[in-house]
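Q: predicted model and sequence follow; I will ask about them next.
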Amino acid sequence: MNRQVWAAAACGALFGIGLVVSGMTDPQRVLGFLDVAGRWDPRLLFVLGGAVLTSGALFPLIRRRQAPVCAPSFSLPAARAIDRPLLLGAALFGAGWGLAGYCPGPALVGLGAGIGEALWFVPAMLAGMALHRLLAGA
């Protein structure tokens, strides 16, 4: 395997470990965090805050480099506008997250751990991705 594959595997493993340690793979904890009008569980606020602070501090330093460590160039999105597809996608993502308590990263970790909800969620997520490709003509 080449250097990029090893780096991606290491980053994925670290991300998965972070999801498990933070409780993000527990749909009930996530749903408790999203239930701001009921029995709100603020613990994931610290996870999200830590991610935002880390990214905010390190992203400008990383962007000073000519290229990433394991790739010839940075691959950043060109689109900068907040448009209808972005808002619709964000709303669908949020609705799915709120209904299931899962988003793709924790769902894949849950699938690997054999968590029952993930065994249903991941195939539905893959079906949604296939439907999008079909409808978008990608």
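A: It's in.
Q: distance of Ile115 relative to Pro106?
A: 9 Å (Cβ to Cβ, to the nearest Å). All C-beta atoms are positioned from the backbone trio N, CA, C, and that covers glycine.
Q: more crowded one of those two?
A: Pro106 (25 against 18; other Cβ atoms under 10 Å).
Q: quick check: which element contains the more buried one?
A: helix 104-113 (DSSP states H and E).
Q: check which residues of stretch 29-42 are buried.
A: Residues of stretch 29-42 classed as buried: 29-34, 41 (neighbour count, 16 or more other Cβ atoms under 10 Å).
Q: pLDDT at the nearest residue to Phe33 once chain neighbours are set aside, what is it?
A: Computed as Cβ to Cβ, 6 or more residues apart in numbering, the closest residue to Phe33 that is not its neighbour in sequence is Leu44, at 4.1 Å. At Leu44, the model reports a pLDDT of 87.
Q: and if you look at Met129?
A: Value listed for Met129 in the pLDDT field: 90.
Q: which SS class is it?
A: Here Met129 is helix, with the state taken from DSSP: H, G, I helix; E, B strand; the rest coil.
Q: count of neighbours near it?
A: 11.
Q: now it: how far from Gly114?
A: Separation of Met129 from Gly114 (Cβ to Cβ): 22 Å.
Q: shared neighbours of Ile115 and Pro106, anything?
A: Common contacts of Ile115 and Pro106 (Cβ atoms under 8 Å, 6 or more residues apart in numbering): Thr25.
Q: buried residues in the helix holding Pro106?
A: By 16+ other Cβ under 10 Å, the buried positions in helix 104-113 come out as 106-111.
Q: repeat that for stretch 86-98.
A: 96-97.
Q: other residues contacting it?
A: By Cβ under 8 Å, 6+ apart, stretch 86-98 touches 30-31, 34, 79, 102-103.
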